[in-house]
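Undergrad: dropping a prediction and its sequence here:
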Amino acid sequence: MTDQRPSSPTPAHAHELSPRTQVVAAGRPPREPGASLNPPVTFTSTYVADGPINYARVGNPTWTPFEEAVGGLEGGEALLYSSGMAAVAAVLALVPVGGVVVAPAAAYNGVVVSLTEAAGAGRLEVRWVDVGDTAGVRAALPGADLLWLESPTNPLLDVADLAGLTAAAHEVGALVAVDNTFATPLLQRPLEDGADVVVHSATKYLSGHSDVVLGLAVTAADDRGRDLRARLARHRTLGGAIAGPMEAWLALRGLRTLSLRVERACDNAAELARRLADHPRISRVRYPGWGAIVSVEVAGATDGVEEAEALAAGTLIWSNSTSLGGVESQLERRRRQPGEPEAVPVNLVRMSVGVEDVDDLWRDLEQSLAALG
């Protein structure tokens, strides 16, 4: 089975365009008289023989514009999956049986649980690290097959030295995968730092409207990257982790406003982080100085769990829900989720800052904090 897909046109000077323009211009149909400005949705399970796609599990024309748009933004070539975890599973499958993975001890819990269960089954060995401790990560690398990074991490928002750690991993022959969901390619492009694979939960910022579940893996546009892409594509085809065409179309539509959404959300997050730092009911603000996620630790009579839950449940504009990256602001106490790493404080509330008016968001937080007593 091969990765068969039709190609959609890209402007000849696309590499010269600002990412703000790319999110709007990429993945459009040819500009012909009477042509649609947007790509159509193709609903089919079957194709007539001898064309570019032989079966729906191998490809769909609706996937291609979104893959090309995100691949261009990341500076590589993208593969669309049914979810972010499907993309994660494909990347982890690159590790040989008995191989070694170096990964953050406090990362997205789906990744932590997957690695923990694989290690428990004897499929691989995991070396847990603090990605903010560059020397500690370097010390864990000898003999590794894969270095898995998040930067910022979810939900502690630790920042890794991507370029330095990638170079160190390559020195010992390890692949490097970076989850770029939080940063988006507008704020960070890990392939430029030498990463082998970039992963996204496209459910989050890329689609941006909390209405689809999708994932992506992006590899470099060179021979080595294309070899990895072929292996990832085979895993997608054989595993059947394929995206629905309607979800792919919605995600591309959402991508058109990525620049505007990220810019506004980042501005809001920076301002809220500043205000929260002075609030007496907040014992710690975790914010790396960029991005649209802020994590706070809520002060309480004992461990702050009750107060953190009350803060999240008491807001009127903010949604108490377990996702992020949408236009709406969301918050939750992360340790309420099964599998959340113990390195995450029990009173930590992760806040995905949306695009609403920042003063409305602040007043909503203030009233919920004030209700704590």
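TA: That came in fine, so what should we check first? All values reported here derive from a predicted model rather than from experimental measurement.

Undergrad: in the stretch 1-150 of the chain, which spans are strands?
TA: For the stretch 1-150 of the chain, the strands defined by DSSP state E, counting those that start in this stretch occupy 76-81, 99-104, 124-129, 146-150.

Undergrad: how's this protein carved up into domains?
TA: Here the domain parsing of the chain from automatic domain parsing is 14-255, 258-370.

Undergrad: is it possible to export these to JSON lines including mean neighbour count?
TA: For every residue, glycine as well, the C-beta is placed using N, CA and C. Shown next, in JSON lines, are the domains of the chain (neighbours: other Cβ atoms under 10 Å):
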{"stretch": "domain 14-255", "mean neighbour count": "20"}
{"stretch": "domain 258-370", "mean neighbour count": "19"}
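
Undergrad: turn those domains into CSV, columns for mean pLDDT.
TA: As requested, the domains of the chain are exported to CSV (pLDDT from 0 to 100):
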stretch, mean pLDDT
domain 14-255, 97
domain 258-370, 97
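
Undergrad: I would like the residues contacting stretch 36-48, please.
TA: 8, 27-29, 53-56, 60-62, 65, 245-246, 249, 252-253 (Cβ atoms under 8 Å, 6 or more residues apart in numbering).

Undergrad: from the residues you listed, which ones fall inside helices?
TA: Among these, DSSP state H puts Pro65, Pro245, Met246, Trp249, Leu252, Arg253 in helices.

Undergrad: tell me the two of the residues you listed that are most distant?
TA: In terms of Cβ to Cβ, those reach their longest pairwise distance at Pro65 and Met246, which sit 13.6 Å apart.

Undergrad: could you dump the strands of the stretch 1-150 of the chain to TSV with distance to Val91?
TA: Formatted as TSV, these follow (distance: least, Cβ to Cβ, whole Å):
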stretch	distance to Val91
strand 76-81	10
strand 99-104	10
strand 124-129	13
strand 146-150	8
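
Undergrad: now the residue nearest the centre of the chain. Nearest residue, chain neighbours left out?
TA: Central residue of the chain (Cα atoms, centre = their mean): Thr181, 2.0 Å from the mean position. Distances taken as Cβ to Cβ, 6 or more residues apart in numbering put Ser201 closest to Thr181, at 4.7 Å, once the chain neighbours are dropped.

Undergrad: state the distance from the one you found to Ala90.
TA: Using Cβ to Cβ, to the nearest Å, we find Ser201 at a distance of 13 Å from Ala90.

Undergrad: I'd say Thr184 and Gly208 touch.
TA: No: if you go by Cβ atoms under 8 Å, Thr184 and Gly208 don't touch, sitting 9.7 Å apart.

Undergrad: mind listing the shared neighbours of those two?
TA: Shared contacts of Thr184 and Gly208 (Cβ under 8 Å, 6+ apart): Leu258.

Undergrad: hang on, the earlier thing: relative to Leu216, which of the strands of the stretch 1-150 of the chain is closest?
TA: Per Cβ to Cβ, nearest to Leu216 of those: strand 76-81, 5.1 Å.

Undergrad: now that closest one: how far from the chain's centre is it?
TA: 13 Å (Cα atoms, centre = their mean, to the nearest Å).

Undergrad: partner strands of that strand, parallel or antiparallel?
TA: Sheet pairing for strand 76-81, assigned by DSSP bridges, gives strand 215-220 (antiparallel).
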